[in-house]
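>>> The sequence and its predicted three-dimensional model are supplied below.
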Amino acid sequence: MAYVISGTCTDVMDKSCMEVCPVHCIYEGARKLYIHPDECIDCGACEPNCPVEAITYETEVPAAQEQHVADNRDFFWSVLPGRDTELGLIGSARDYGPVGVDTPLVASQPLHPANQQ
Ligand code: F3S
Ligand code: F3S
């Protein structure tokens, strides 16, 4: 079990969540951030820090965002576009830095209205 970042984060990427995570398990894609389900310690510190309420516990994700439970996991345990291997266990987003690529689900989303020109 772990906390999950839903699609509401897409193109917003406030990153306040990263600042409070004690184990640095929130990783940065190109348009969204993802919580590593095997590194998260379920402390809950990130949840109230997101200004768009994109973070919830795995069992409390709204039905409309349900696909992001598996998608957070897929970010680490499937081979992302442009990569040769899965990310797997990493250990620290602070040390690793931005991953710079998204899952196919997130990459296929229409651009957030606030970012359209
Ligand atoms: Fe995204 Fe909210 Fe974190 S917008 S980057 S989940 S603070
Ligand atoms: Fe990190 Fe705790 Fe959230 S471990 S991802 S701040 S639940």
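Perfect, thanks for sending it. Ligands and ions are numbered 1, 2, ... in the order given.
>>> Which parts of this structure are strands?
Along the chain, counting by DSSP state E, strands occupy 3-5, 26-28, 33-35, 55-57.
>>> possible to save those as CSV with mean neighbour count and distance to residue 106?
C-beta coordinates here come from the backbone N, C-alpha and C atoms, glycine included. Listed next are these as CSV, based on neighbours: other C-beta atoms under 10 Å; distance: least, C-beta to C-beta, whole Å:
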stretch, mean neighbour count, distance to residue 106
strand 3-5, 25, 10
strand 26-28, 21, 12
strand 33-35, 26, 9
strand 55-57, 19, 15
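>>> hmm, who's touching stretch 17-28?
Contact partners of stretch 17-28, identified using C-beta atoms under 8 Å, 6 or more residues apart in numbering, comprise 5, 13, 15, 33-36, 39-41, 43, 45-46, 49-50, 55, 75-76, 87, 90, 92-100.
>>> that older thread, got the strands of the chain as TSV, with mean pLDDT and distance to residue 70 columns?
As requested, the strands of the chain are exported to TSV (pLDDT from 0 to 100; distance: least, C-beta to C-beta, whole Å):
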stretch	mean pLDDT	distance to residue 70
strand 3-5	98	9
strand 26-28	98	16
strand 33-35	98	12
strand 55-57	98	15
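>>> Same list, those strands, but as JSON lines with distance to residue 112 please.
Formatted as JSON lines, these follow (distance: least, C-beta to C-beta, whole Å):
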{"stretch": "strand 3-5", "distance to residue 112": "15"}
{"stretch": "strand 26-28", "distance to residue 112": "16"}
{"stretch": "strand 33-35", "distance to residue 112": "14"}
{"stretch": "strand 55-57", "distance to residue 112": "17"}
